[in-house]
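> No sequence on hand, only this structure:
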């Protein structure tokens, strides 16, 4: 029926004029901004879009405008939830007619579903309004009061709703969320809806998320995801904490109204909110702006261009182009190949002509090499072999750590690049050490080795139990 929804999916604000009428002209700019920030979809007329505060006719106009102006990569999901079931079906049929990617409904919010059977029946009648379009149930107990297990919902709904595609899971119950992801080996698309704990959901296996903050700080989440997939969990946490700080300010100072004000701060004025929501007074707006600047918005959320080429999320069972291994296996195999390649390079240096001919493979080979090669006593040889390398390693660790911190701000592979630079210094230094003719040249090679090793070891937290530990256990270059 469809391809899965993956990546960040924005929940756009409904732009309005000062008099409260729809500002349909703003939709094109909103759609363009989402695409520029690598947001893969738009979940329109939902909670953020004030869907239940709009008339049916207004929602039809909004859906048509989104479909008319949305760039091709942007998938439009229409929320059709309504107090009147017949209106929901009308909105669903319209979504199918304009060829939206999918549609969704929240549970009833006035007369509420008391059990799963009632909820599934309600969803089945709504889904029947657009039988050829993928249907998502919008699970948000904070609004519906229907704190029902979605794992059991999938069991019942899967038998009754032929076009059920998945759930928009806007709830903090990560156990239920994880069970839904695993239901029938990942049969359904479970989109996560809590931006402030997205990292936790990604760790559970999330591959798609719907949220309001992706409208104005998608770069933060892209950097978080890139860091997570690169294995830099601390950096991922740092970006999630930045998002949390900004969300906390927004939530305490107006919620959805504050969110619209934040859109204006990034150049997209979506106008006022509708009653019963309250627009911010001038002094409240000034306070919000000050607090946001204090926590890093919009200065630290990044520029749109910085994420233009960010990779999309992939399901863990998805194949890489041109390969037959799943993503996780590719990472493990590539890591193993990288370790083996680095080990071979170090072995090449260790087996350089003079070191090999002298047989210096025991602990403390450097001072033995200097003593034998340049007729030094053990004391001066030991001092020369230890002092220069140790100082160079110390300097390399400081410099490598500083460079890696800076590089990690622009790319999640920054630390890997600095480690590679360290290896690039170590290998020729070891090879050169086996071919030097003077003591000065030998010390220069040792200094370069120390610098390179400092670069490498400072950015390799697993090295002491992985490759480095293995090489050290062989006493090949201690």
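Thanks, I have the structure now. Since we're looking at a predicted model, the values are computed, not measured.

> For residue 218, list the residues it contacts.
Residues near residue 218 by C-beta atoms under 8 Å, 6 or more residues apart in numbering: 8, 10, 34, 37, 38, 39, 307. C-betas here are computed from N, CA, C, even on glycine.

> rerun at 6 Å
Counting by C-beta atoms under 6 Å, 6 or more residues apart in numbering, residue 218 touches 8, 37, 39.

> same deal with residue 384?
So residue 384 contacts residue 370 (C-beta under 6 Å, 6+ apart).

> Pull up the distance across stretch 265-273, start to finish.
16 Å (C-alpha to C-alpha, to the nearest Å).

> Give me the residues contacting it.
For stretch 265-273, contacts defined as C-beta under 6 Å, 6+ apart pick out 13, 15, 16, 17, 23, 216, 257, 260, 263, 279, 298.

> That stretch: how far from the chain's middle?
With C-alpha atoms, centre = their mean, to the nearest Å as the basis, stretch 265-273 stands 26 Å off its chain's centre.

> got it, and stretch 180-191?
That offset, for stretch 180-191, works out to 20 Å (C-alpha atoms, centre = their mean).

> Repeat that for stretch 169-182.
On C-alpha atoms, centre = their mean, the centre of stretch 169-182 falls 18 Å from that of its chain.

> Check stretch 95-110 too.
27 Å.

> And for stretch 31-39?
The answer for stretch 31-39 is 16 Å, by C-alpha atoms, centre = their mean.

> got the contact list for residue 4?
So residue 4 contacts residue 189 (C-beta under 6 Å, 6+ apart).

> Am I right that it falls within a helix?
No - per DSSP: H, G, I helix; E, B strand; the rest coil, residue 4 lies outside any helix segment and is coil.

> and it, how far is that from residue 11?
For residue 4, the distance to residue 11 (C-beta to C-beta, to the nearest Å) stands at 18 Å.

> go on, residue 20?
20 Å.

> neighbour-wise, which of these two wins?
More crowded of residue 20 and residue 11, by other C-beta atoms under 10 Å: residue 11, with 27 against 12.

> ok now do that one, which residues does it touch?
Counted by C-beta under 6 Å, 6+ apart, residue 11 has contacts 43, 46, 48, 210, 212.

> Which members of those residues are positioned in strands?
Of those, the ones assigned to strands by DSSP state E are 43, 210.

> Narrow the contacts of residue 11 to those that are buried.
43, 46, 48, 210, 212 (16 or more other C-beta atoms under 10 Å).

> Relative to residue 391, which of those is nearest.
residue 212 (52.9 Å; C-beta to C-beta).

> if we can go back for a sec, looking at the contacts of residue 218, which are in strands?
residue 8.

> Enumerate every residue touching the nearest residue to residue 113 once chain neighbours are set aside.
With C-beta to C-beta, 6 or more residues apart in numbering as the criterion, residue 113 has its nearest non-adjacent residue at 3.9 Å, and that residue is residue 119. Residues near residue 119 by C-beta under 6 Å, 6+ apart: 107, 113, 146.

> To what extent is the last one buried, counted in neighbours?
What it means is residue 146. Neighbourhood size, residue 146 [other C-beta under 10 Å]: 21.

> Next: residue 247.
21.

> From residue 257, how far off is it?
Counting by C-beta to C-beta - residue 247 and residue 257 are separated by 14 Å.

> One more: residue 369?
Distance from residue 369 to residue 257, by C-beta to C-beta: 72 Å.

> The two - which one has more neighbours?
More neighbours surround residue 369 than the other of residue 369 and residue 257, with 22 against 19 (other C-beta under 10 Å).

> Give me the residues contacting the helix or strand hosting the more buried one.
Residue 369 is part of helix 365-374, with elements assigned from DSSP states H and E. For helix 365-374, contacts defined as C-beta under 6 Å, 6+ apart pick out 360, 376, 378, 381, 382, 384, 385, 439.

> In strands, which of those appear?
Per DSSP E, the contacts of helix 365-374 never map to strands.

> Switch those residues over to TSV; also include pLDDT and distance to residue 133.
TSV is the format used below for these (pLDDT from 0 to 100; distance: C-beta to C-beta, whole Å):
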residue	pLDDT	distance to residue 133
360	42	72
376	74	82
378	71	82
381	73	79
382	74	77
384	73	76
385	72	73
439	80	78
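
> and of the residues you listed, the nearest to residue 185?
residue 360 (56.0 Å).

> re earlier: which element is the residue nearest to residue 113 on?
Short version: residue 119 belongs to helix 116-127, going by DSSP H and E.

> With residue 166 instead?
strand 164-169.

> helices or strands next to that strand in the packing?
strand 135-139, strand 189-192 (3 or more C-beta pairs under 6 Å, 6 or more residues apart in numbering; DSSP states H and E).

> so what secondary structure elements neighbour the helix or strand just after it?
The first helix or strand that comes after strand 164-169 along the chain, using DSSP H and E, is helix 174-182. Helix 174-182 sits against helix 150-160, with contacts defined as 3+ C-beta pairs under 6 Å, 6+ apart.

> by how many degrees do the longest helix seen in the chain and helix 365-374 diverge?
Taking DSSP state H as the criterion, the chain has its longest helix at helix 378-410. Computed by axes from the mean of the first three to the mean of the last three C-alpha atoms, to 10 degrees, the angle separating helix 378-410 from helix 365-374 equals 130 degrees.
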